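Q: Dropping a prediction and its sequence here:
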Amino acid sequence: MSSPSWEVQKAVYTALAANSGLTALLASGSASIVDGSAQDAAFPYVDLGEIEERDASTKSFVGGETFMTLHVWSDANGKKEIGDIFVQIKSSLNRQALSVTSNQLVDLTYENSRIFRDADGQTRHGVIQFRAITIES
């Protein structure tokens, strides 16, 4: 059985890459959804960021919570570009029934987001977080 967090990450990537509204906003379409360092990526792009996994088992089932952070990077002046990307990300993920293989995705919920100027003083950085509940099938 594979890790629930890995299954959630794959499902999130698939859902984001399939959203034409999102990929139209990104510099290189679905190629601008990356997992890891994108030092040479054109702005804007989405990075599948940190994952935290917690046990959420009960006497009735084995389950877990996965907290996933997505980072959006932009060199646009202002926050609108990242805000528009956030809207598309939320429409792809929040309360959507994404397909996972070895587990059942019970719920995927938007938790929070923020946009700020990066330490370089020019780049905008958006952070959006989701919480997934999974149980073993």
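A: Everything's here; your move.
Q: give me the element residue 14 is part of.
A: helix 4-18 (DSSP states H and E).
Q: so who does residue 55 touch?
A: Residues in contact with residue 55 (C-beta atoms under 8 Å, 6 or more residues apart in numbering) are 63, 64, 65. C-beta here means a position set from N, CA and C on the backbone, and glycine is covered the same way.
Q: ok, back up a step: name the surrounding residues that touch the helix or strand that the helix holding residue 14 is followed by.
A: Moving toward the C-terminus from helix 4-18, the next helix or strand (DSSP H and E) is helix 20-25. With contact meaning C-beta under 8 Å, 6+ apart, helix 20-25 is reached by 16-17, 29-30, 32-33, 44, 46, 81, 84-85, 88-89, 91-92.
Q: Equivalent analysis for stretch 100-110, please.
A: Against stretch 100-110 from outside (C-beta under 8 Å, 6+ apart): 1-2, 4, 7-8, 10-11, 63, 90, 93-99, 128-137.
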